[in-house]
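S.K.: Below is the structure, and that's it, no one-letter string:
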């Protein structure tokens, strides 16, 4: 749950975005600029968290009135090596924050921190990650919270999609690219898994709302509507015309560990009553450069 330190939104004096060169970080910088919020983007060029001296570099860049968004990560973390690299990347951020006071910290985490059987998922759901990716985010949440006296907000998005996504993970991002390449769009089995998907622009808008309210606590970034991969694939095919089709692939091995995930978004509605998520069909169309 979020607690707003500013009941009415205010412009932060400056927002420092660590990981501004990435998919989500870039969207947050874009939204901050759209709202004319002073922002200092830090890409790997300005701050390489994997190199010695990163803590001192970051400390020198920060001022006490700064708000900081930490989004830099190697994601998804699928191996032990990637898990440990992500923890080592968070270490200099924690060291800098322990030495340099700031006004506010926002960490972009993931719904992977929750137990697989948490349905519907809420901000009170038990954090019991079953994947290395979820364990990485859970550990970084704790590391960052323990490193600063400033209010800390953790934003936990579910599956994110958008035109600039670099990963082509199974779902909207991959389906769109398969269709753009001439198809077919490929799903596993009948695509019966039902998941919530959130547009990257909505994650960015939520992050900026949290910054403007100087909120602390945790908030899930999910639409509250779970859709099957079957339906997403066929909606994508429809947008690309009658010649596009969906191909079902036989599953190799057991079904995925997480077949269905649903969210109760009451906390988001209470925190930001006027906020509305982009409907999936509209977001898919925007990502593909087509009409819904």
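M.R.: Looks like it arrived, so ask away. Everything numeric here is computed off the predicted structure, so don't read it as measured data.
S.K.: doesn't residue 198 make contact with residue 226?
M.R.: No - contact criterion C-beta atoms under 8 Å: residue 226 and residue 198 do not qualify, at 11.4 Å. Where you see a C-beta, it was placed from the backbone N, CA and C, and this is true even at glycine.
S.K.: Comparing the two, which residue is more hemmed in?
M.R.: Per other C-beta atoms under 10 Å, whichever of residue 226 and residue 198 has more neighbours is residue 198, with 26 against 19.
S.K.: can I assume the more buried one is in contact with residue 222?
M.R.: Yes - taking C-beta under 8 Å as the contact criterion, residue 198 and residue 222 are neighbours in contact, 5.8 Å apart.
S.K.: what is in contact with these two at once?
M.R.: Common neighbours of residue 198 and residue 222, counting by C-beta atoms under 8 Å, 6 or more residues apart in numbering, are 157-158.
S.K.: For the stretch 1-150 of the chain, which segments count as strands?
M.R.: For the stretch 1-150 of the chain, the strands identified by DSSP state E, counting those that start in this stretch occupy 2-4, 14-18, 39-42, 66-70, 104-108, in order along the chain.
S.K.: can you redo those strands as CSV with mean neighbour count and distance to residue 91?
M.R.: Written out in CSV, the entries for the strands of the stretch 1-150 of the chain read as follows (neighbours: other C-beta atoms under 10 Å; distance: least, C-beta to C-beta, whole Å):
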stretch, mean neighbour count, distance to residue 91
strand 2-4, 18, 27
strand 14-18, 24, 13
strand 39-42, 21, 16
strand 66-70, 27, 12
strand 104-108, 25, 14
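S.K.: To residue 154, which of the ones you listed lies closest?
M.R.: Evaluated over these, closeness to residue 154 peaks at strand 104-108, with 5.1 Å, by C-beta to C-beta.
S.K.: looking just at contacts, which helices and strands does the closest one meet?
M.R.: Contact analysis of strand 104-108 by 3 or more C-beta pairs under 8 Å, 6 or more residues apart in numbering; DSSP states H and E lists helix 23-34, strand 66-70, helix 132-145, strand 152-157, helix 200-213 as its packing neighbours.
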